[in-house]
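> Sequence first, predicted model second:
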Amino acid sequence: KRWDINSKSVLGIFDSAKFAIYEDLDQNREEIKQNDIVRAINGDTDALKNDKELPSAGELDDKVSPKDTYQVLDADSSQQEAIEAAKAGKSFVLQGPPGTGKSQTIANIVAEKLAKNEKVLFVSEKEAALKVVKNRLEDVGIGRFCLEVHGSKKSKSDVLSQIEEEMNNKPLKQVSQRDQELSELENIRQKLNQYGDLLFDDISDLGTPYEVQGRLAKLQAPCLNINFERPLEVEKNQFNRSVKLLEQLQDFNYEIRNYGDSPWKNIDIESWQINTEDQMKKSLEAQVDAIDKLKTWSQDQKADIKTLSDMNRYIEFLRHMSKKPDISTLETDLHEKGGKLQRAAELQEERRELEEEIESKYEDSVFREDGERILA
């Protein structure tokens, strides 16, 4: 047992204003007992159960339409949760450190209730708290609907004068229907939410697009334009295997960057077998032997071959030489035949001169006549 009941009396000095609150509580004792919160405090936890389910912060945009929203000040998702709870008639405690928007939330709750033609009683121990909310409502043009009755300094005449002042004021100008603007706002909000859903949705084993973009942003490397087919079909184990292979490839960074200077750059071995090393040794030995023979041959031919390019050019030269015409008939008795060729050239010149002389005296048809017949 951790409690005791003691019968005792206490004398003290109490504020008369607070005594009025005590009398109010005493006169409404039975009604207060039926209050849901009082019943819950006394152990009846079912008293606070409500069949109406309130939207969570992530469901607000899906369940609360802009056409049903009458907030006059900015509100984040947690503040909107409190506003929706107040609209549904829920009893709750709104708590938070200074500067977190409690007064702003209360002002929005008052605006929502006014839009539904409901009355709101805002009670505070300190008048400063009332002033803050009142000023916020005045800033948005609905402060005139507030009736200040706080404290002992407020008299009945003050309350009546506030009522009279409002009755003499002109009605607020009714805002024209803005269904089209509200529908456009709802469409824009829906598109933004769809973008957010796609950004944070696990569309593959590799995570969300947001996570992927975050990892890419951390990379200190240039962006490569790679055509990666069907990236959404890549599984996590396949991705991890690719990463390991790339990490292994990184060990050969120097060889890759200096590939042009590598003696192995022209090797086209696709896979390394057990006997690959022996085959390469035999091939290299054969190549060394061939180079030695080529060197000896080039010296005999007096060919200046120092590089592979020189050798390729010499091979091309030999290929052309193999296709040259046969001039063996000109390789013998050139001096003897030279005189005959000279005599043939002289006879050809005499023939040309005779043709010119005949053309000057006769028609061209004379060249078609049978000379032997004419001479006979």
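Noted; the coordinates are in hand.
> what's around the nearest residue to C146 once chain neighbours are set aside, how many residues?
Nearest residue to C146 in three dimensions, chain neighbours excluded: K134, at 5.4 Å (C-beta to C-beta, 6 or more residues apart in numbering). (C-beta placed from N, C-alpha, C; glycine too.) As a burial measure, the neighbour count of K134 was computed by other C-beta atoms under 10 Å and equals 19.
> Do I have it right that K134 meets G143?
Yes - under the criterion of C-beta atoms under 8 Å, K134 is in contact with G143, at a separation of 5.9 Å.
> Can you pull the domain assignment for this structure?
Using automatic domain parsing, the domain parsing of the chain gives 16-48, 57-168, 179-237, 280-321, 342-375.
> out of those domains, deepest packed?
The highest average neighbour count among the domains of the chain, using mean count of other C-beta atoms under 10 Å, belongs to domain 57-168 at a mean of 14.
> The most centrally placed residue in the chain: which element?
Taking C-alpha atoms, centre = their mean as the criterion, Q213 is the residue nearest the geometric centre of the chain, at 5.4 Å. Counting by DSSP states H and E, the element that carries Q213 is helix 209-218.
> Check the model's average confidence along the next helix-or-strand element following that helix for me.
Later in the chain than helix 209-218, the nearest helix or strand by DSSP H and E is helix 236-250. Taken as a whole, helix 236-250 carries a mean pLDDT of 88.
> Equivalent analysis for stretch 95-114, please.
Per-residue pLDDT values across stretch 95-114 average out to 91.
> who's in contact with it?
By C-beta atoms under 8 Å, 6 or more residues apart in numbering, the list of residues contacting stretch 95-114 from outside reads 69-76, 79, 82-83, 86-87, 94, 119-120, 122, 129, 132-133, 136-137, 140, 142, 145.
> Repeat that for stretch 167-178.
Contacts with stretch 167-178, where a contact means C-beta under 8 Å, 6+ apart, come from 141, 144.
> end-to-end on that stretch?
Length of stretch 167-178, first residue to last, C-alpha to C-alpha, to the nearest Å: 28 Å.
> before we move on, what about stretch 217-237?
Its first and final residues considered, stretch 217-237 spans 23 Å by C-alpha to C-alpha.
> any low-confidence regions in this structure?
Counting by pLDDT under 70, the chain contains low-confidence residues at 17, 50-51, 151-152, 175, 302, 325-338, 361-362, 365-376.
> Quick one: the strands in it, in order.
Ranges of strands in the chain, per DSSP state E: none exist.
> Longest helix in it, by number of residues?
Identified as the longest helix of the chain according to DSSP state H is helix 334-361.
> Quick one: distance of that helix to the chain centre.
If you compare the mean C-alpha spot of helix 334-361 with that of the full chain, they lie 91 Å apart, counting by C-alpha atoms, centre = their mean, to the nearest Å.
> What is that helix packed up against?
Counting contacts by 3 or more C-beta pairs under 8 Å, 6 or more residues apart in numbering; DSSP states H and E, helix 334-361 is packed against no other helix or strand.
> circling back: and the residue nearest to the centre of the chain, how close does it get to Q104?
Summarising the geometry, the distance separating Q213 from Q104, computed by C-beta to C-beta, to the nearest Å, is 34 Å.
> Next: D202.
According to C-beta to C-beta, D202 stands 36 Å off from Q104.
> and if you look at K154?
25 Å.
> how near is the nearest residue to I256 once chain neighbours are set aside to A221?
The shortest distance from I256 to any residue other than its chain neighbours is 7.7 Å, reached at L249 (C-beta to C-beta, 6+ apart). To A221, L249 is 14 Å away according to C-beta to C-beta.
> Ok, L25 next?
In this structure, L25 and A221 are 71 Å apart, going by C-beta to C-beta.
> ditto for K293
The span separating K293 from A221 equals 50 Å under the rule C-beta to C-beta.
> so S65 touches E186, yeah?
Yes - the criterion here is C-beta under 8 Å, and S65 meets it with E186 at 6.4 Å.
> how about E31, what does it touch?
Residues touching E31, when contacts are defined by C-beta under 8 Å, 6+ apart, are absent altogether.
> same deal with V10?
Applying C-beta under 8 Å, 6+ apart to V10 gives no contacts.
> how near is it to R29?
21 Å.
> K119 now?
24 Å.
> Then I274?
98 Å.
> What is the neighbour count of the nearest residue to L206 once chain neighbours are set aside?
The spatially closest residue to L206, leaving aside those adjacent along the chain, is F239, at 5.8 Å (C-beta to C-beta, 6+ apart). When neighbours are counted by other C-beta under 10 Å, F239 registers 15.
> correct me, but F239 touches G207?
No - the criterion here is C-beta under 8 Å, and F239 misses it with G207 at 9.9 Å.
> follow-up on the earlier one: what is the helix holding Q213 packed up against?
The helices and strands touching helix 209-218, judged by 3+ C-beta pairs under 8 Å, 6+ apart, are helix 179-199.
> What separation do you get for D139 and L354?
D139 sits at a distance of 127 Å from L354 (criterion: C-beta to C-beta).
> again with Q104
Counting by C-beta to C-beta, the gap from Q104 to L354 is 127 Å.
> contacting residues for the nearest residue to S91 once chain neighbours are set aside?
Counting by C-beta to C-beta, 6+ apart, S91 lies nearest to I37, which is 5.3 Å off, once chain neighbours are set aside. The neighbours of I37, taking C-beta under 8 Å, 6+ apart as the test, are 47-48, 91.
> I am finished for the moment; much appreciated.
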